[in-house]
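Q: Next comes the sequence, and after it the predicted model I'd like to discuss.
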Amino acid sequence: MNIKLFIVSGYRMDSLLFGAMQRTYYLAKAAKNLGIDVYLAHPGRTYEKNGIFYIHYGFTFKSWQFETLNSFFPSLNPLVIKDLSSLIEEIKPDIVQIEQPYLFILSKILRKVNFFKKVCVVLDEHNVEFLAMKKPNTLLLLPYVKYAEKIALNASDAILVTSALDKHLLTKLYDVPKEKIFVIPNCIDISKYSKEHASINKLKLRVKEVAGFDHIALFHGTLSYYPNYEAANIIITKIAPIIKECLFIIAGKDCPYSLIRKAKRIKNVRIFGYVKEIEKWLAICDVYVAPILRGSGTRIKILEAMATGCPIIATHKAVEGLGVKDGVHGLFYRKVNEDFIEGIRKLLKNDQLAYKLGKNARFFVKRYDWSTIDKKLYEVYSKFFPEGIGHDE
């Protein structure tokens, strides 16, 4: 049976800068691998690439502020809802997959309007949004986020989540039936990551020589996202001033000036902007530090560090839902305290332990390669199309 899938993203998909964009792209690619016709609506330009048809909707954004605003409040934009409804009516997809819950009005329309009632509606929950938004600068948005998430969940035939933990949280928060929720974890392209290149070793020596430090630690992520901002702030104010023999590199776009100002006062901290080939910087690190205290979903940054064999020290929250074990795949702590800081020192001083943890992590992360999700996605879609999906069936 020839199935048409229509994916709606609130972000431009012209480049895969964020984990959310990467997840959307690889889910679309997996569906294409199954023989499904894939259309991906996004606020960017219209084009075709690798058999996926990217279609523009709404309006072209002039700044990241407008794009961020629309990603949270698209249901309040009549132009967005009109454009998407028209596209769905024109393409006549069998499945509409909506990325994140903020297009809850579209989800309701697909359930209420007779023309759309045969469409299978899939919600891709990148996080449990209500919990992910529980941070000081967005507390006023929480009622709206919970309302949007509840409607989107109820209007969906199937819900994709990134971990078994998120599945449990959704059933607990919103009383969603478990059989409606499917776990498809975030993954990475493991083939991109390697520590075993002569050029990597040269880069590592050069960075140490120029910076004048014995060791290098890294943390990366979009720094306008509060959990990442908070983690970076902890590194700058609580960790780096104590472990002065190590250079702490913080990489990520949209860094608030307040963070840059603090970092300038600490000699062993460097803040980079967006780093295109982050795998090279991960490969030169002696340790990856992730003092994350909040948020949900699978953290791609942790998978990327594991794939390079870089030993990880992190909070339990940072590795939540991954299935890793303390002392086997890294060193993990409940809080960022003296024990956490001592753990960093332990990894910097003990090469044998660092190598063992890195090697174990690199073997473990193979289960999180994007090539493994085709079968999982097939199980979701075939539940609604028992006669088969794809051109070859």
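A: That came through, no problem.

Q: List the contacts of the closest residue to Lys383 other than its chain neighbours.
A: The shortest distance from Lys383 to any residue that is not its chain neighbour, by CB to CB, 6 or more residues apart in numbering, is 7.2 Å, and that residue is Ala158. The C-beta positions use only the backbone N, C-alpha and C, and glycine is treated the same way. With contact taken as CB atoms under 8 Å, 6 or more residues apart in numbering, Ala158 is in contact with Cys120, Val121, Val122, Leu123, Lys180, Ile181, Phe182, Val380, Lys383, Phe384.

Q: where does the stretch 251-393 of the chain dip in pLDDT?
A: Within the stretch 251-393 of the chain, the segments meeting pLDDT under 70 span 296-298, 390-393.

Q: how about the strands in it?
A: Taking DSSP state E, counting those that start in this stretch, the strands of the stretch 251-393 of the chain run over residues 269-272, 287-290, 312-315, 331-333.

Q: ok, of the contacts of Ala158, which come out buried?
A: By the neighbour-count criterion of 16 or more other CB atoms under 10 Å, the contacts of Ala158 include these buried positions: Cys120, Val121, Val122, Leu123, Lys180, Ile181, Phe182, Val380.

Q: Show the model's pLDDT score for Ala211.
A: Note for Ala211: predicted pLDDT of 67.

Q: sorry, that was for Phe66
A: 51.

Q: want to try JSON lines for the contacts of Ala158, with distance to Glu48 as columns?
A: Putting these into JSON lines (distance: CB to CB, whole Å) gives the following:
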{"residue": "Cys120", "distance to Glu48": "24"}
{"residue": "Val121", "distance to Glu48": "25"}
{"residue": "Val122", "distance to Glu48": "22"}
{"residue": "Leu123", "distance to Glu48": "26"}
{"residue": "Lys180", "distance to Glu48": "33"}
{"residue": "Ile181", "distance to Glu48": "32"}
{"residue": "Phe182", "distance to Glu48": "28"}
{"residue": "Val380", "distance to Glu48": "25"}
{"residue": "Lys383", "distance to Glu48": "29"}
{"residue": "Phe384", "distance to Glu48": "26"}
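
Q: Just these: which are in strands?
A: Where the contacts of Ala158 overlap with strands, as defined by DSSP state E, the overlap consists of Cys120, Val121, Val122, Leu123, Ile181, Phe182.

Q: Any chance of JSON lines for the buried ones among the contacts of Ala158, columns distance to Ala30?
A: Putting these into JSON lines (distance: CB to CB, whole Å) gives the following:
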{"residue": "Cys120", "distance to Ala30": "17"}
{"residue": "Val121", "distance to Ala30": "19"}
{"residue": "Val122", "distance to Ala30": "13"}
{"residue": "Leu123", "distance to Ala30": "17"}
{"residue": "Lys180", "distance to Ala30": "20"}
{"residue": "Ile181", "distance to Ala30": "18"}
{"residue": "Phe182", "distance to Ala30": "13"}
{"residue": "Val380", "distance to Ala30": "10"}
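
Q: can you tell me which two in these are farthest apart?
A: Pairwise distances across the buried ones among the contacts of Ala158 peak at 15.0 Å for Cys120 and Ile181 (criterion: CB to CB).

Q: Check the spacing between the residue lying closest to Ala314 once chain neighbours are set aside and Ile250 real quick.
A: Take Ala314 and drop its neighbours on the chain: the residue closest to it by CB to CB, 6+ apart is Ala290, 3.8 Å away. Separation of Ala290 from Ile250 (CB to CB, to the nearest Å): 11 Å.

Q: I am finished for the moment; much appreciated.
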